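>>> Have a look; sequence and predicted model below, questions after that.
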Amino acid sequence: MLRLPPIDYRSPQRLEEVIATLASENVRLVAGGTDLWPNMKRRHQLADTVVSLMSVPGLRGIEHGKDGVKIGALTSLADIVRDDKMRALWPAFTRAVASISSPPLRSMATIGGNLCVDTRCTYYNQTEEWRRSIDYCLKEKGTICWVATKSPRCWAHSASDSAPILCALDAQVKLIGPDGERVIPVSALFRDDGIDYLCKKSDEILTELLIPAGSDQDHCRSAFWKLRRRGSIDFAVLSVAAAVWTDTKNTVTRATVYLGAVGSSPVSIDVESLLVGQPLNEDLIKQVAQRAQKAATPMDNTDFAAAWRGKMANNYTHAALNEIAGLPVRCAPPKHGLTVV
């Protein structure tokens, strides 16, 4: 049985106490703990102090309003999937959330935790003994990235399933730190670096997610497709999130497409130069899918061959946009835990 190492565990009841603790050395925050605790048991993440957010009031719950929806960072993934309005107004987002892990873990895991979840890599996500046997990688104590040995950077890939679709839907997050609070787009939360992958300051806490009303089902159509070996538990090896806004004549006025799990942050695809001012049709969708394959540069750092994952970026982007356009989808739809879309 794997056991946690000795830690100083704290569970403050005020956000100010949490922020003050973050000034200490080697401190980690924990919410649901579905990622951190297993990682610490395997000793591939360490901390002297672990600070739980679960006793801090006001950080969970779903609040629907005329401007959109506010979701507390500690809201469980299961609560999001169960919310009738979330399924009706943001079906692609709830599909993404429902695809994360398994039902028991979704009952514990939080939306804030999933947005901030650590990047992943075949050479990093192993036990301490395994990593020590081949020498450490750049992300943990080492001096070399085993995925790209001549590269000066770490290529661990983004593991958040909620991030790509939230980027596509123009969602924002609220961050609170010692200098006050700020609201930034979800797309600005991430940095293309496998180690330093969040633009959030080390003493800031993600407290709230905001999805604007202009991105709901009444204003745009969206889709989320996720590729993994099994229909449950597994992290994505590719995901595609797309959102398309149209006018009354079904002409595209705005469009966004993001790829997940092929880079250290969600990858934005330039689609507006192709789609805006045009009706969404098969020919344009093929061109967007080709752009997605060209932009996807998956490395050999996770399940399945990297070249095949790149080709699947084309297929899944094509399928996601066909779904949005109401055209026949040639790919088999991915499995997820959502019974009502």
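Received, thanks. Numbering: from 1, shown residues only.

>>> What segments of the stretch 51-200 of the chain are strands?
Taking DSSP state E, counting those that start in this stretch to define them, one finds strands in the stretch 51-200 of the chain at 62-65, 68-72, 172-177, 180-185.

>>> Deepest in the core, which of the ones you listed is it.
Each of these was assessed for mean neighbour count using mean count of other C-beta atoms under 10 Å. The highest is strand 68-72, with a mean of 21. Quick note: C-beta positions are derived from backbone N, CA and C, even for glycine.

>>> and the closest residue to Gln13 other than its chain neighbours, what does it touch?
Leaving aside its chain neighbours, Gln13 sits nearest to Ser55 (4.9 Å; criterion: C-beta to C-beta, 6 or more residues apart in numbering). Applying C-beta atoms under 8 Å, 6 or more residues apart in numbering to Ser55 gives the contacts 11-13.

>>> ok so, going back, just send the strands of the stretch 51-200 of the chain back as TSV, with distance to Leu2 too.
What follows is these, written out as TSV (distance: least, C-beta to C-beta, whole Å):
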stretch	distance to Leu2
strand 62-65	34
strand 68-72	31
strand 172-177	32
strand 180-185	36
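
>>> Adding mean pLDDT and distance to Asp234, write those strands out as TSV.
Below are those laid out as TSV (pLDDT from 0 to 100; distance: least, C-beta to C-beta, whole Å):
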stretch	mean pLDDT	distance to Asp234
strand 62-65	98	27
strand 68-72	98	25
strand 172-177	98	26
strand 180-185	97	28
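
>>> Tell me where the model's unsure across this structure.
335-341 (pLDDT under 70).

>>> State the distance from Thr248 to Asn322.
Between Thr248 and Asn322 the distance is 22 Å, computed by C-beta to C-beta, to the nearest Å.

>>> The two - which one has more neighbours?
Higher neighbour count among Thr248 and Asn322: Asn322, with 20 against 5, using other C-beta atoms under 10 Å.

>>> so which helix or strand takes in the more buried one?
Applying DSSP states H and E as the criterion places Asn322 in helix 306-325.

>>> buried sites along that helix?
306, 309-310, 312-325 (16 or more other C-beta atoms under 10 Å).

>>> which other helices and strands contact that helix?
With contacts taken as 3 or more C-beta pairs under 8 Å, 6 or more residues apart in numbering; DSSP states H and E, helix 306-325 sits against strand 221-227, strand 238-246, strand 252-260, helix 282-295.

>>> tell me what the longest one is packed against?
Spelled out, it's helix 282-295. In this structure, helix 282-295 packs against strand 252-260, strand 267-269, helix 272-275, helix 306-325, with contacts taken as 3+ C-beta pairs under 8 Å, 6+ apart.

>>> Now do the buried residues in it.
Quick answer for helix 282-295 (16+ other C-beta under 10 Å): 284-285, 288-289, 291-293, 295.

>>> between those residues, which is nearest Ala243?
Ala243 lies nearest to Val288 out of the buried residues of helix 282-295, by C-beta to C-beta, at 12.7 Å.

>>> Looking at the helices and strands packed on helix 306-325, which is nearest to Asn114?
Ranking those by proximity to Asn114 (C-beta to C-beta) places strand 252-260 first, at 11.5 Å.

>>> Give me the angle between the closest one and helix 282-295.
Here strand 252-260 runs at an angle of 30 degrees relative to helix 282-295 (axes from the mean of the first three to the mean of the last three C-alpha atoms, to 10 degrees).

>>> Which secondary structure elements does strand 252-260 sit against?
So strand 252-260, by 3+ C-beta pairs under 8 Å, 6+ apart, packs with helix 162-168, strand 238-246, strand 267-269, helix 272-275, helix 282-295, helix 306-325.

>>> Quick one, which of those gets closest to Arg254.
strand 238-246 (4.2 Å).

>>> and that closest one, which strands flank it?
Strand 238-246 has the following strand partners under DSSP bridges: strand 221-227 (antiparallel), strand 252-260 (antiparallel).

>>> Return the most buried member of the ones you listed.
strand 221-227 (a mean of 25).

>>> The residue lying closest to Lys200 once chain neighbours are set aside pairs with what?
Closest residue in space to Lys200, ignoring its immediate chain neighbours: Leu175 at 5.8 Å, by C-beta to C-beta, 6+ apart. Here Leu175 sits in beta bridges with Arg182, Leu206, as judged by DSSP bridges.

>>> can I get the helices and strands packed on helix 306-325 in a markdown table with distance to Asp79?
As requested, the helices and strands packed on helix 306-325 are exported to a markdown table (distance: least, C-beta to C-beta, whole Å):
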| stretch | distance to Asp79 |
| --- | --- |
| strand 221-227 | 19 |
| strand 238-246 | 21 |
| strand 252-260 | 22 |
| helix 282-295 | 32 |
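
>>> So which of these is nearest Thr122?
Evaluated with C-beta to C-beta, those place strand 238-246 nearest to Thr122, the distance being 15.2 Å.

>>> angle of the closest one against helix 306-325?
Here strand 238-246 runs at an angle of 30 degrees relative to helix 306-325 (the same axes, to 10 degrees).

>>> for the residue of the chain positioned farthest from its centre, what are its contacts?
Here the centre of the chain is the reference, and by C-alpha atoms, centre = their mean the most remote residue is Lys249, at 33.2 Å. Residues near Lys249 by C-beta under 8 Å, 6+ apart: Pro279.

>>> do the same with Val276
252-255.

>>> Distance of the residue nearest the centre of the chain relative to Arg291?
With distances taken as C-alpha atoms, centre = their mean, Ser160 lies nearest the centre of the chain, 2.4 Å away. Distance, Ser160 to Arg291, by C-beta to C-beta: 22 Å.
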